[in-house]
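Participant: The following comprises the amino acid sequence and a computationally predicted model.
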Amino acid sequence: MKAIQTKNIGLDLGRFQLQSVSTAFPAEKITAIIGPNGSGKSTLLKIISRLLAADAGEVFIDDMNVKMFRTKEFAKTLTMLPQSKELLLQLTVRELVSYGRSPHQKRFGYKMAAADEEIVNWALEITGTVKHADRMYHTLSGGEQQKARIAMSLAQKTDILLLDEPTTFLDIAHQFDVLEILREINQQYRVTIVMVLHDLQQAVKYSDYLVAMKKGNIAAAGVPEDVLTSAFLKNVYDIDAKVKYEDGYPLIIPAIGNVAKDGTGG
Ligand SMILES: Nc1ncnc2c1ncn2[C@@H]1O[C@H](COP(=O)(O)OP(=O)(O)OP(=O)(O)O)[C@@H](O)[C@H]1O
């Protein structure tokens, strides 16, 4: 199983720069990337997953530079589920999830092997999307679509799973449902998971490690209880709040009169 390391990643997007980002995501653990809107979380995930090329620096999976992977080998090693934007896919849910198997197939359009069918069924089952398998993807609700997209990522059966805001569009029950599924995947199959989460309480509860970003830099990294403190909230989000832990679950109590500022993390 693989660990990810970034070394001095730099990228200039004009008004925004990733500034020599060096960090690591531990193998076989769940890491949450947190930080204010626009702090560079998605950009970092896109660079790790080769969807975006950095101007400087390197990404390694174990000791292998990601540039050295052949496309198909990379797709068998790492899956990235980007933030969902409106997709009007003319596909059934089963067809969408089957795309997850394409890196494992000999030729595009080749009839799927029984073993691949089994994995597609497993991904549909584990995400609770089997009941929608024969529906057109675009007719699903936002939450149902999100679970179908997660099923597609799981069907790819990689050692590393990157997810950008996997709980978007989901109600609270389905958010916990998805986070529990991811935890099960991590524990049972020892998959390394890195996900962007905005809910700090969920990030602490469902991850082993936190990486926090602010203005294109790493602001903090470590075990959740060490990272999520009152001083951290002030530094990264510019909010005054107390943090109390109850049974390992953080309670974030904002100071009275605390108002959101520009949302850029100060
Ligand atoms: N292709 C692009 N061209 C120019 N600027 C970009 C591009 N992609 C992202 N940016 C800018 O880079 C900054 C970081 O974006 P990014 O999506 O990585 O942030 P984020 O931390 O994931 O934010 P959010 O929590 O809102 O999803 C933002 O200010 C964004 O507008």
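Facilitator: Yep, that arrived. Residues are numbered from 1 along each chain as shown.
Participant: Helices of the stretch 51-200 of the chain, start to end?
Facilitator: 71-77, 93-99, 114-126, 142-155, 172-189, 200-206 (DSSP state H, counting those that start in this stretch).
Participant: In TSV: those helices, plus mean neighbour count.
Facilitator: The way it works is simple: take the backbone N, C-alpha and C, and place the C-beta from them, glycine included. TSV is the format used below for these (neighbours: other C-beta atoms under 10 Å):
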stretch	mean neighbour count
helix 71-77	15
helix 93-99	22
helix 114-126	16
helix 142-155	23
helix 172-189	16
helix 200-206	21
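Participant: out of those, nearest to residue 28?
Facilitator: Closest to residue 28 of the helices of the stretch 51-200 of the chain is helix 172-189 (C-beta to C-beta; 7.3 Å).
Participant: Now the closest one: average pLDDT?
Facilitator: Helix 172-189 shows a mean pLDDT of 92.
Participant: With only the CA atoms kept, save that helix in CSV.
Facilitator: Output of helix 172-189 as CSV, limited to C-alpha atoms (Å, rounded to 0.1, in the frame of the first residue of the first chain):
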residue,chain,number,x,y,z
ILE,A,172,-26.5,14.5,7.4
ALA,A,173,-27.5,10.8,7.5
HIS,A,174,-26.0,10.2,4.1
GLN,A,175,-22.9,12.2,5.0
PHE,A,176,-22.2,9.8,7.9
ASP,A,177,-23.2,6.9,5.7
VAL,A,178,-20.6,7.8,3.1
LEU,A,179,-17.9,8.5,5.7
GLU,A,180,-18.7,5.1,7.3
ILE,A,181,-18.4,3.4,3.9
LEU,A,182,-15.0,5.1,3.4
ARG,A,183,-13.8,4.0,6.8
GLU,A,184,-14.9,0.4,6.1
ILE,A,185,-13.0,0.5,2.7
ASN,A,186,-9.9,1.9,4.6
GLN,A,187,-10.1,-0.7,7.3
GLN,A,188,-11.1,-3.8,5.4
TYR,A,189,-9.0,-3.2,2.2
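Participant: what's the angle from that helix to helix 114-126?
Facilitator: Helix 172-189 and helix 114-126 are oriented at 140 degrees to each other (axes from the mean of the first three to the mean of the last three C-alpha atoms, to 10 degrees).
Participant: Give me the contact list for helix 172-189.
Facilitator: Residues from elsewhere that reach helix 172-189 (C-beta atoms under 8 Å, 6 or more residues apart in numbering): 28-30, 126-128, 143, 146-147, 150, 154, 161, 163, 166-167, 170, 191-193, 195, 199, 202, 205-206.
Participant: between the helices of the stretch 51-200 of the chain, which one is nearest to residue 12?
Facilitator: Using C-beta to C-beta, the nearest of the helices of the stretch 51-200 of the chain to residue 12 is helix 71-77, at 24.9 Å.
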